[in-house]
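Q: Dropping a prediction and its sequence here:
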Amino acid sequence: MSLSVFILAVENSGDHLGAGIVTAIKDKAPHIALRGVGGAAMKAAGISSEFDISRLAILGFTEAIGAYPHVLERVKTACDIIISDPPDAVVLIDSWGFMVRVAKRLKALGYKGKVVKYVAPQVWAMRPRRAKILARYVDYLLSIQPMDKAYFDAAGLPNDYVGNPMFDEDYSGGAGAELRAAYNIPPKAPIVGVFFGSRLSELQSLAVPFAQAVERVRAVRPDVHFISPMAASIDEDILAAAGANLSLQNIILLPETQKRDVFAAIDIALACSGTITTQLASLGVPTIVAYKLSALTYFAAKRLYSPDYISLVNIAANAALMPEFMQENVNGADLSQALLVRLENKALREGESAALLRQISLMRQSADRPKNSGLASGQAAQKLIEYLNA
């Protein structure tokens, strides 16, 4: 039976998830015709995006207000593309605010195919009513967190847990020694990895405090080097910020394709909270986590958000395995102090590294993980194919 699927991703992390499921579908069911919208990763997997997603990574209430007209325009564009040649199914990846609008509009336009959501909103952390909202506009959910199930079962939305794709990828094996040699960094000189996030709003809130932290660390430890693999979604913005801030010019800026090399070379990291912190934890890299929202967004989130931590590894462990800095604590003084303590204390770094590796091992071995699952992207593709065939 001939089937067609349209895959939509509008953020960097979703783009990589999209590439994974595209590759798996091609392997398992090459007869399925695939189209979609995504970024560089999906393009590499063979899906040429039908519009530019670079300004659709929106974070927070007040941040979204400024971009709202652009978001609505792109929602309409995406739906028009889908409706113009209706596929049997649409897969909407992550990005709650954007995707729920797409799903709602598709239903209003009379789309007869199946609407599938890949990655659920974190209803276990905040806004559990979103489970019912999603169930109203989506036909099937592919979930990457085992704690999602109870909420979506209660909402009446068919769902399957396919495993977390972050635990499928091997982030080791980078050319750390070669990277040091390329930039004349001595073999024993400390290196700090700097990760600004993948959203423009994250860069805008973190660029200045990260620059101040770099400047303060260098004043005390001029032997320390800083390297940042730039997310493709904001690489031009990072370069522009570095052009305007001399302290950022002390960071070696590399393309995202060299991220594994950076992982292999660094001793500790300063990172925006997000997918990257779990990747760093899986390698046992001691990491300082930072996040900063607008005052209004933070005011709302503080009252709605349930966990005590923001990093997935810390949430799972219910402990600050990675020190977290939020809001006014995201400043040069506090961040540099946290970095310097770890640069000076090898035993502390080793202890944090061991604790991170233990926690990641526990998360990988979760009893709720699908039996004989293989890669999560493969499981997601298999469940999607089974659902469509049924």
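A: Happy to help now that I have it. Everything quoted here is computed from the prediction, not taken from an experiment. Residues are numbered from 1 along each chain as shown.

Q: where in the stretch 51-200 of the chain is pLDDT low?
A: The stretch 51-200 of the chain contains residues with pLDDT under 70 at 53-68, 124-126.

Q: again, only this time at 80
A: Along the stretch 51-200 of the chain, the model assigns pLDDT under 80 to residues 51-70, 124-127, 168.

Q: quick one, strands of it?
A: Assigned strands in the stretch 51-200 of the chain, in chain order: 89-93, 114-118, 140-143, 159-161, 191-195 (criterion: DSSP state E, counting those that start in this stretch).

Q: Which of those strands has the highest mean neighbour count?
A: Highest mean neighbour count among those (mean count of other Cβ atoms under 10 Å): strand 89-93, with a mean of 26. Yep, even glycine has a C-beta here, placed from its N, CA and C like the rest.

Q: Redo the strands of the stretch 51-200 of the chain as TSV? Include distance to residue 28.
A: Shown next, in TSV, are these (distance: least, Cβ to Cβ, whole Å):
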stretch	distance to residue 28
strand 89-93	14
strand 114-118	16
strand 140-143	14
strand 159-161	15
strand 191-195	33
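
Q: quick one: which of these is nearest residue 288?
A: Evaluated with Cβ to Cβ, those place strand 191-195 nearest to residue 288, the distance being 9.1 Å.

Q: Report all helices and strands that that closest one contacts.
A: Here strand 191-195 touches helix 200-220, strand 225-230, helix 259-265, strand 268-272, helix 275-282, going by 3 or more Cβ pairs under 8 Å, 6 or more residues apart in numbering; DSSP states H and E.

Q: Please save the CA atoms from that strand in CSV.
A: Output in CSV follows, covering the C-alpha atoms of strand 191-195 (Å, rounded to 0.1, in the frame of the first residue of the first chain):
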residue,chain,number,x,y,z
ILE,A,191,39.5,23.9,28.1
VAL,A,192,36.0,25.1,28.9
GLY,A,193,33.2,24.3,26.5
VAL,A,194,30.7,27.1,26.0
PHE,A,195,27.2,26.2,24.7
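
Q: still on that earlier bit, ok, which of the helices and strands packed on strand 191-195 comes nearest residue 132?
A: With Cβ to Cβ as the criterion, residue 132 lies closest to helix 275-282 of the helices and strands packed on strand 191-195, at 26.9 Å.

Q: Show me what the closest one is in contact with.
A: 13, 166-167, 169, 171, 193, 195, 197, 263, 269, 271, 287, 289, 311-313, 321-322, 356-357, 359-360 (Cβ atoms under 8 Å, 6 or more residues apart in numbering).

Q: give me phi/psi at the residue lying closest to residue 38 once chain neighbours are set aside?
A: Distances taken as Cβ to Cβ, 6 or more residues apart in numbering put residue 9 closest to residue 38, at 4.3 Å, once the chain neighbours are dropped. Main-chain dihedrals, residue 9, degrees, to the nearest 10: phi -140, psi 140.

Q: Show the contacting residues for residue 9.
A: Contacts for residue 9 (Cβ under 8 Å, 6+ apart) come out as 15, 17-18, 36-39, 42, 53, 93-95.

Q: mind listing the strands for the stretch 251-390 of the chain?
A: Ranges of strands in the stretch 251-390 of the chain, per DSSP E, counting those that start in this stretch, are 251-255, 268-272, 287-291, 324-326.

Q: Could you name the helices and strands sitting against the second one?
A: Translated: strand 268-272. When contacts are defined as 3+ Cβ pairs under 8 Å, 6+ apart, strand 268-272 sits against strand 191-195, helix 200-220, helix 275-282, strand 287-291, helix 332-344.

Q: Switch the contacts of residue 9 over to a markdown table; also include distance to residue 239.
A: Converted to a markdown table, the contacts of residue 9 look like this (distance: Cβ to Cβ, whole Å):
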| residue | distance to residue 239 |
| --- | --- |
| 15 | 20 |
| 17 | 26 |
| 18 | 26 |
| 36 | 28 |
| 37 | 25 |
| 38 | 23 |
| 39 | 18 |
| 42 | 23 |
| 53 | 19 |
| 93 | 27 |
| 94 | 26 |
| 95 | 25 |
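
Q: Return the subset of the residues you listed lying in helices.
A: Per DSSP state H, helices hold the following members of the contacts of residue 9: 15, 17-18, 42.

Q: Could you export the residues you listed as CSV, including pLDDT?
A: Formatted as CSV, these follow (pLDDT from 0 to 100):
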residue, pLDDT
15, 91
17, 92
18, 94
42, 93
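
Q: Of the residues you listed, which pair is most distant in space?
A: 17 and 42 (9.3 Å).

Q: Return the distance of residue 272 relative to residue 355.
A: 21 Å (Cβ to Cβ, to the nearest Å).

Q: Let me fix that, I meant to ask about residue 41.
A: 31 Å.

Q: Among those two, which residue is more densely surrounded?
A: residue 41 (22 against 18; other Cβ atoms under 10 Å).

Q: Go ahead and confirm that one touches residue 22.
A: No. Checked against Cβ atoms under 8 Å, the pair residue 41 and residue 22 is beyond contact range at 9.1 Å.

Q: circling back to that earlier point, got the strands of the stretch 251-390 of the chain as a markdown table, with mean neighbour count columns?
A: Shown next, in a markdown table, are the strands of the stretch 251-390 of the chain (neighbours: other Cβ atoms under 10 Å):
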| stretch | mean neighbour count |
| --- | --- |
| strand 251-255 | 17 |
| strand 268-272 | 26 |
| strand 287-291 | 27 |
| strand 324-326 | 19 |
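
Q: Same list (the ones you listed) but as CSV, adding mean pLDDT and distance to residue 384.
A: Putting the strands of the stretch 251-390 of the chain into CSV (pLDDT from 0 to 100; distance: least, Cβ to Cβ, whole Å) gives the following:
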stretch, mean pLDDT, distance to residue 384
strand 251-255, 96, 31
strand 268-272, 97, 31
strand 287-291, 96, 32
strand 324-326, 94, 35
